[in-house]
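Enquirer: Could you look at this predicted model? Sequence included:
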Protein chains: 2
Amino acid sequence: MSDDEVIVMADGGGGGRTRELLRTVILPAIDNPMLRGLDDAACIDRPAGNLVFTTDSFVVSPLFFPGGDIGRLAVCGTVNDLAMQGGRPLYLSLGLILEEGLRVGDLRRIMRSLGETAKEAGVMVVTGDTKVVERGARNGIYINTAGLGERLSGVDTHVANARPGDRVVVNGTLGDHGIAVMSVREGIRFETELVSDAAPLGGMIGDLLAAVPGIHVLRDPTRGGVAAALNDIAESSGVCVRLQEGAIPVRPEVRGACDLLGFDPLNVANEGKAVIICASQDVDAVLAALRKHPLGADACEIGEIVAAPAGRVLLHTKLGGERIVDVPSGEDLPRIC
Amino acid sequence: MSDDEVIVMADGGGGGRTRELLRTVILPAIDNPMLRGLDDAACIDRPAGNLVFTTDSFVVSPLFFPGGDIGRLAVCGTVNDLAMQGGRPLYLSLGLILEEGLRVGDLRRIMRSLGETAKEAGVMVVTGDTKVVERGARNGIYINTAGLGERLSGVDTHVANARPGDRVVVNGTLGDHGIAVMSVREGIRFETELVSDAAPLGGMIGDLLAAVPGIHVLRDPTRGGVAAALNDIAESSGVCVRLQEGAIPVRPEVRGACDLLGFDPLNVANEGKAVIICASQDVDAVLAALRKHPLGADACEIGEIVAAPAGRVLLHTKLGGERIVDVPSGEDLPRIC
C-alpha cells in the first residue's frame, strides 16, 4: 500500500484488504517469531515468576508531537505501568482502531515508531487486532495496548506502602509531555524546543530495584500529573505528602506555558517519569541509582511523607506558606495520552 | 451518576470525575478482589502452565442488537480466541474509549452485560483504563479487551494442523450474529426473532478437549465468517477443505436475509461458533461431546479435508456442482463486531 492511500472501511472487514494492510504496513514494523504465525492468540511458555498485567488506550491529539507520537506513547504508557508494579515488561498486545481517511503513510510512521519503542523497551508485540470505523472525531487512530510482565521477586511497590518519614523522589523535570502536546494544539512556540519526555522506564526501574529492592512505592504521574499520583498515594497509604515547592524540577518553558494557559505543572501529564517513595535511609542510594541512568540524570528529592493530615498532599511554598494540592477535576487537559 | 446524564470530556481526564464514573458506573458491574486495589496493573500469581494471550477491539454498530450488545461481545470475542488455542480463559483487561454524549444509562447497561458475560465465561476483569474522546462517529463507545488464559497441556489446535482425511465440524447454525446486527441496521423484521449467537465458548471447548484432546484445529469464524476461517486453515495447513452445501446449517431467516442483502452465509460473522477439525476416527466422539453442551446442541459435520487443490476451500453444491469459496474482500459487513 502506498503512503498516499487512505484507510477505507473495507480495510477492517477481516478479509483480503485487512490481510494486505497487515502484511505491508503493520507487521513489518513489529515483526517477531511469536507474531509471525498470525494466530488469533499468542502462546507463551510458562513464566518463571508471578505476572503483572495492565492495559491502556491512547487517544492523544495531535497524533505527532515534539518528542513523540501516539505509537511511542502506546508502548511507553503500558510498559511503565508494568514497571511501576515491579514488573519486567515482556509482551504487548496491540489493538488498532483506525478511522476511515487515515493516511497510510501516517499509519506506517506510527507503526515504525511503535516498533522502535518496543525494541527500546525490550518488549515484543505478540498478538493484535485491527478495526476500522467511519470518519468521526478525525483523530485518525486510537491504540490500545495490554502488557504482560514478570514480577521481580521480593518487590512490593504498592500505592498503599508509604510510611511517615519516607522521602519522595522524581527522576526528572515535570510536565514536559503534557505541555509538548498542548503547545502544538495551542500554537505556542518556545525559544528552545520543548519535547515530550515519553520513554520506556523498565530499564531504569530495573536498575533501581536491583540497587534498592525495598522501594516502598512506585507510580507514574501520567494523567492528572504528580498531583493525582501523590493524592492516590496519600489516600491509599493514609499519610500526608509534604512537597517543597523550591525542590520541584520544572523547565522554565513549561512553567511559562503553564502560566500562559492557566495550568499547574503538578497537574500536567508526564510519560517518562516515576514518583519513587523510599525509606529515609535509602534516599541517597535511590538518587545515585537513578542518576546513573540517562532517564534519571535529573533525579531529585521533592518532599517527604508525614503522618497528618492523612490523605492530603500539601505544598510548602517558596514564600513559606502551605497550600493543599488537590486532585485535578479532569477538565484541564483532555486527550494528552 | 444518573442514567440520563451524558459523558463529557472531563470524565476522561483522570481526575475526580473519572473516579466517580469508575466508582458508580463501571466498577460495580465487574467487581472482584483483584480489581479492587485500582492499581495501574494487576498482579497475578505464577500460573501452573503455559499461557495464551490475545486481544480484540469491539466497534459494533448499533451497540445493542437482538441477543446481545457490545459488552457481551467484548467478553465473548476475546475468551473465544483463547479457547480456540486450547486456553482456559482466566483474566481480562478492559480498555474503554467513550465518546462525549454517550448516555450514562447506556454505559451502565453495557457494563452490566459485560460483567454478567464475564461471570458466565468464568473470567475476571483484573485491570482497565477509561478514555473519553470528542463526539465523532457517534458510535458512543469502543471497547478493547485483552485476555489471558492457561493453555491446557497436550493440546495443539494450531491452524496449520489439518490433514487430508480429517473431518470439519461446526457447533451450530451459521451467520446468526452478523445478520442479527445487520437486521437492526437495515430495518429487517423476521417472523421469528433472530438473535445473535454471541456466547463464551470456553466451557464447551473445555469439555470437548477433555473428551478428545487430539483435536487438530479450532478456529472461531468471526469476521469474514466460516469462509475466512477455512481459507486460513487451507492455506496454513496446505490442504483443501471440501464442504457439502447440503450439510451446512443455516436458519431459514438468515438465508432469507442473505438473499435479500446479497450476502453469502459463509461470509457472515458468528460470535458463538467454532470450526473444529479432527481425525476421521474422532468425529463421532467430537459430535457427541459437543451435543452434550447447550451451545453445541446443533453440532454437525459440514465437510472434509482433502489433499488438493492445496490452499483452496471448495463447496460441493446441492445441484452436484463445485465452486471455490473465496476469502471475502472485507467490504461486505463492516462494524459487526
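Expert: Nice, thanks for sending it over. Numbers count the residues shown, from 1 in each chain, chains lettered A, B, ... in the order given.

Enquirer: tell me what the top strand by length along chain A is packed against?
Expert: Selection of the longest strand in chain A by residue count, based on DSSP state E, yields strand A:87-99. Counting contacts by 3 or more Cβ pairs under 8 Å, 6 or more residues apart in numbering or on different chains; DSSP states H and E, the secondary-structure elements packed against strand A:87-99 are helix A:70-84, helix A:104-121, strand A:124-133, strand A:141-151, helix A:202-211, strand B:51-58, strand B:141-151. Yep, even glycine has a C-beta here, placed from its N, CA and C like the rest.

Enquirer: let's see it at 6 Å
Expert: Helices and strands touching strand A:87-99, by 3 or more Cβ pairs under 6 Å, 6 or more residues apart in numbering or on different chains; DSSP states H and E, are strand A:124-133, strand A:141-151, strand B:51-58, strand B:141-151.

Enquirer: quick one: average confidence on stretch A:203-214?
Expert: Per-residue pLDDT values over stretch A:203-214 give a mean of 97.

Enquirer: Now tell me what touches it from outside.
Expert: Outside of stretch A:203-214, the residues within contact range by Cβ atoms under 6 Å, 6 or more residues apart in numbering or on different chains are A:83, A:152, A:154-155, A:282, A:285-286, A:289, A:293, A:295-296.

Enquirer: From those, list the buried ones, please.
Expert: With neighbours counted using 16 or more other Cβ atoms under 10 Å in any protein chain shown, the contacts of stretch A:203-214 contain these buried positions: A:83, A:152, A:155, A:282, A:286, A:289, A:293, A:295-296.

Enquirer: Same list (the residues you listed) but as CSV, adding secondary structure, pLDDT and distance to chain B.
Expert: CSV is the format used below for those (DSSP: H, G, I helix; E, B strand; the rest coil; pLDDT from 0 to 100; distance: Cβ to the nearest Cβ, whole Å):
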residue, secondary structure, pLDDT, distance to chain B
A:A83, helix, 97, 9
A:L152, coil, 89, 11
A:V155, coil, 92, 10
A:D282, helix, 98, 22
A:V286, helix, 98, 20
A:A289, helix, 98, 22
A:H293, coil, 98, 21
A:L295, helix, 98, 19
A:G296, helix, 98, 20
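
Enquirer: returning to that earlier point: what would the contacts of stretch A:203-214 look like in a markdown table with distance to A:G246?
Expert: Rendered in a markdown table, the data for the contacts of stretch A:203-214 read as follows (distance: Cβ to Cβ, whole Å):
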| residue | distance to A:G246 |
| --- | --- |
| A:A83 | 29 |
| A:L152 | 34 |
| A:G154 | 36 |
| A:V155 | 32 |
| A:D282 | 23 |
| A:A285 | 24 |
| A:V286 | 20 |
| A:A289 | 24 |
| A:H293 | 25 |
| A:L295 | 24 |
| A:G296 | 21 |
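
Enquirer: For the residues you listed, name the two members farthest from one another.
Expert: Checking those against each other with Cβ to Cβ, the farthest-apart pair comes out as A:G154 and A:L295, at 23.5 Å.

Enquirer: thinking again about what came up before, nearest to B:P252, out of the buried ones among the contacts of stretch A:203-214: which one, please.
Expert: When those are compared for distance to B:P252 (Cβ to Cβ), A:A83 wins out at 55.9 Å.

Enquirer: now the nearest residue to that closest one once chain neighbours are set aside: how far from chain B?
Expert: Counting by Cβ to Cβ, 6 or more residues apart in numbering or on different chains, the nearest residue to A:A83 once its immediate chain neighbours are dropped is A:I205, at 4.2 Å. Look at A:I205 and chain B: by Cβ to the nearest Cβ, to the nearest Å, they are 13 Å apart.

Enquirer: Number of residues surrounding A:I205?
Expert: 34 (other Cβ atoms under 10 Å in any protein chain shown).

Enquirer: Can you list the neighbours in contact with stretch A:43-55?
Expert: Applying Cβ under 6 Å, 6+ apart, the external contacts of stretch A:43-55 come out as A:81-82, A:85, A:87, A:146-151, A:153, B:41-46, B:49-53, B:93, B:95, B:127, B:129, B:146.

Enquirer: you'd agree A:A118 is up against A:V75?
Expert: Yes - counting by Cβ atoms under 6 Å, A:A118 sits close enough to A:V75 to count as a contact (5.2 Å).

Enquirer: Who has more neighbours out of the two?
Expert: For A:A118 versus A:V75, the count of surrounding residues by other Cβ under 10 Å is larger for A:V75: 31 against 25.

Enquirer: residue contacts, the more buried one?
Expert: By Cβ under 6 Å, 6+ apart, A:V75 lies in contact with A:114, A:117-118, A:121.

Enquirer: Show the buried residues in the residues you listed.
Expert: Those of the contacts of A:V75 that meet the buried threshold are A:114, A:117-118, A:121, by 16+ other Cβ under 10 Å.

Enquirer: Kindly reformat those residues as JSON lines containing pLDDT and distance to B:L260.
Expert: JSON lines is the format used below for the buried ones among the contacts of A:V75 (pLDDT from 0 to 100; distance: Cβ to Cβ, whole Å):
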{"residue": "A:L114", "pLDDT": "98", "distance to B:L260": "42"}
{"residue": "A:T117", "pLDDT": "98", "distance to B:L260": "48"}
{"residue": "A:A118", "pLDDT": "98", "distance to B:L260": "46"}
{"residue": "A:A121", "pLDDT": "98", "distance to B:L260": "51"}
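
Enquirer: Could I get these in CSV, plus columns for distance to A:V181?
Expert: Compiled in CSV, those are given as follows (distance: Cβ to Cβ, whole Å):
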residue, distance to A:V181
A:L114, 17
A:T117, 17
A:A118, 21
A:A121, 21
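
Enquirer: of all those residues, which comes closest to B:I188?
Expert: Nearest to B:I188 among the buried ones among the contacts of A:V75, with distances taken as Cβ to Cβ, is A:L114, at 40.9 Å.

Enquirer: Could I get the contacting residues of the closest one?
Expert: A:L114 makes contacts with A:71, A:74-75, as judged by Cβ under 6 Å, 6+ apart.

Enquirer: List the contacts of the nearest residue to it once chain neighbours are set aside.
Expert: For A:L114, the nearest residue in space outside its immediate sequence neighbours is A:G71; the separation is 3.4 Å by Cβ to Cβ, 6+ apart. Contacts of A:G71 were listed using Cβ under 6 Å, 6+ apart, and they are A:110, A:113-114.

Enquirer: Identify, from those residues, the entry nearest to chain B.
Expert: Distances from chain B to the contacts of A:G71, taken as Cβ to the nearest Cβ, are shortest for A:L114 (14.4 Å).
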